[in-house]
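1. quick check, what structure comes out for this input:
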Amino acid sequence: MTTTACAPSTRPSPPSAAEEAQLVGGEPTLHPAFTSIAQHALDAGLRARGYSDLVRIRDEHRRLLEQPGVRLATTYHSSVTAEHDAVTGRPGSHRATRGNIVQALRRGVPLKVAVLDGGDEVRAELACAELKSLGVRDVHVGRVRPSATPRVPRYRPPLNCADGAGTRGPRSSRAGK
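-> This is a model prediction of the structure:
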């Protein structure tokens, strides 16, 4: 997906149309044009929400996230480092995600965190308590069934903005079209 292909979906639109551009799919912060796509949406009068694992947040992302109209969402798997890293399959992901949550809160970035329980309600409760103690106000638990592998499967909606309609998720009436 090219940056140019995404531009039509972030142009000003009628009042009944979308008010927010959502940057999702895999890890959107890895896209080389993540910042410019989000900025384009802001310049068009839209809010921008990035869904990130918060493992690789660069300075340019931090500057973007501090702008009015930008929101951030992430997932958190456990307050225990080894458990979180086992779920993501990436050593060090807990440290990075937690550290970037703290940075986002310090910078006043609106943050929403989904704790994926993986079938373990106690682990989810402990993770929620930790996040709330850090200052996260918008925390909810997502019920995920455990899988046969050590990783919790993730739904990764496609970035589909080439037709000017923006990203479509599973709840959209146009999903799959």
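2. can you tell me which residues contact residue 78?
-> Taking C-beta atoms under 8 Å, 6 or more residues apart in numbering, we find residue 78 in contact with 84, 87, 94, 123, 126, 127. No exception for glycine: its C-beta is placed from N, CA and C like everyone else's.
3. what sits closest to residue 84 if chain neighbours are left out?
-> residue 94 (3.6 Å; C-beta to C-beta, 6 or more residues apart in numbering).
4. ok, now residue 69?
-> residue 47 (4.6 Å).
5. residue contacts, that neighbour?
-> The neighbours of residue 47, taking C-beta under 8 Å, 6+ apart as the test, are 19, 20, 21, 41, 69, 70, 71.
6. tell me the bridge partners for the residue nearest in space to the middle of the chain.
-> In the chain, the residue lying closest to the centroid (C-alpha atoms, centre = their mean) is residue 51, at 1.3 Å. Taking DSSP bridges as the rule, residue 51 bridges to residue 73.
7. that one and residue 26 touch, don't they?
-> No. Assessed by C-beta atoms under 8 Å, residue 51 is found out of contact with residue 26, at 9.7 Å.
8. identify the contacts common to the two.
-> Common neighbours of residue 51 and residue 26 (C-beta under 8 Å, 6+ apart) do not exist.
9. hmm, back to that, and the contacts of residue 78 as a markdown table, adding secondary structure and distance to residue 108?
-> Formatted as a markdown table, those follow (DSSP: H, G, I helix; E, B strand; the rest coil; distance: C-beta to C-beta, whole Å):
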| residue | secondary structure | distance to residue 108 |
| --- | --- | --- |
| 84 | helix | 25 |
| 87 | helix | 29 |
| 94 | helix | 23 |
| 123 | helix | 29 |
| 126 | helix | 26 |
| 127 | helix | 23 |
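10. and the two most separated of those residues?
-> Using C-beta to C-beta, those span at most 13.9 Å, a distance reached by 87 and 126.
11. same question for the strand or helix carrying residue 38, mean pLDDT?
-> Residue 38 belongs to helix 34-43 when assigned by DSSP states H and E. For helix 34-43, mean pLDDT rounds to 91.
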